[in-house]
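Asks: Compute the structure for the input listed below.
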Amino acid sequence: MTKTGTALDPVADFDTPVKKQTLVEESPNTPMAVRDGFSLVRFVKPHFDRDKDDHPFIAFEFSLPLTDEHNADDVLPEEILSMWAALKDNEVDSVSRKSVDGRAIELRAAPDLKDHRLAVKFAEVEKVVISVVVEKGTGEEREITRLHFRLSIELTDETLKYAGTYFGKDVWLRMVKTQGKLKL
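Replies: Numbers count the residues shown, from 1 in each chain. Next comes the predicted model:
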């Protein structure tokens with residue numbers, strides 16, 4: 001019988017175990033949180049509703065971890081940035097707001113892909129919640145700040161098709177300030 005390898009050293013091998021070193025490098029395939037004014041968001045699911053005049057609406061529910069990239073101008077509404085600052089300054093776990101000023105929105109499958117997109121002139125930004133949560137399931141637990149909100153828009157064939165195709169997936173969202181209000 002032939003021995004292979006080396007014998008274990010009871011001190012070196014058990015008191016100071018060797019750990020595999022890993023380098024964290026940004027791969028070109030690793031998506032950035034913000035690119036060309038678009039934020040990478042998780043399209044959680046659509047919600048359907050009707051107003052008092054029986055007009056149908058669809059609300060797209062989104063979720064995303066907030067990063068320093070989201071502090072750039074025109075990425076998130078000022079009201080959301082103020083909420084985020086209040087969360088940090090007051091050391092609370094969650095802040096919420098019923099709604100913020102409406103936005104014109106554009107959704108894309110990729111920020112540089114002009115096909116497979118949805119552009120809407122006005123969306124109500126509703127049920128805005130920023131909370132500090134522990135993210136699990138990625139190999140290790142880590143604390144992140146998560147933004148969760150809905151964009152309520154008119155239900156059309158185009159919005160219904162987009163919702164049916166992309167819910168549960170990551171999409172790219174750009175929100176631009178606009179004036180007006182939906183009649184809900």
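
Asks: Okay, now the sheet partners of the longest strand seen in the chain, with direction.
Replies: As assigned by DSSP state E, the longest strand anywhere in the chain is strand 117-135. Applying DSSP bridges, strand 117-135 is found paired with strand 94-108 (antiparallel), strand 142-154 (antiparallel).

Asks: For the protein, give me the ranges with low pLDDT.
Replies: Low-confidence segments of the chain (pLDDT under 70): 1-31, 73, 138, 179-184.

Asks: so which of the strands paired with strand 117-135 gets nearest Glu124?
Replies: strand 142-154 (4.2 Å; CB to CB). Yep, even glycine has a C-beta here, placed from its N, CA and C like the rest.

Asks: So which bits of that closest one are buried?
Replies: Across strand 142-154, burial judged by 16 or more other CB atoms under 10 Å covers Thr145, Arg146, Leu147, His148, Phe149, Arg150, Leu151, Ser152, Ile153.

Asks: wait, is Ala85 part of a helix?
Replies: Yes - applying DSSP: H, G, I helix; E, B strand; the rest coil, one finds Ala85 inside a helix.

Asks: residues in contact with it?
Replies: Applying CB atoms under 8 Å, 6 or more residues apart in numbering, we find Ala85 in contact with no residue.

Asks: Distance of it relative to Pro111?
Replies: 26 Å (CB to CB, to the nearest Å).

Asks: And for Glu141?
Replies: In this view, Glu141 and Pro111 are 30 Å apart by CB to CB.

Asks: Am I right that Arg97 is in contact with Trp84?
Replies: No - judged on CB atoms under 8 Å, Arg97 makes no contact with Trp84 at a distance of 11.2 Å.

Asks: tell me which element Tyr162 falls in.
Replies: According to DSSP states H and E, Tyr162 maps onto helix 157-166.

Asks: Equivalent analysis for Ser63, please.
Replies: With DSSP H and E as the criterion, Ser63 is inside strand 56-65.

Asks: now for that strand, which elements pack on it?
Replies: strand 38-50, strand 142-154, helix 157-166 (3 or more CB pairs under 8 Å, 6 or more residues apart in numbering; DSSP states H and E).

Asks: Indicate which one of the ones you listed is closest to Trp172.
Replies: Comparing the helices and strands packed on strand 56-65 by CB to CB, strand 38-50 comes nearest, at 3.9 Å.

Asks: Who's the closest spatial neighbour of the most centrally placed residue in the chain, skipping the chain neighbours?
Replies: With distances taken as CA atoms, centre = their mean, Leu64 lies nearest the centre of the chain, 1.8 Å away. Once flanking residues are discounted, Leu64 sits nearest to Val41: 4.5 Å by CB to CB, 6 or more residues apart in numbering.

Asks: Test my guess that that neighbour contacts Phe62.
Replies: Yes - here Val41 reaches Phe62: they are 4.5 Å apart, a contact under CB under 8 Å.
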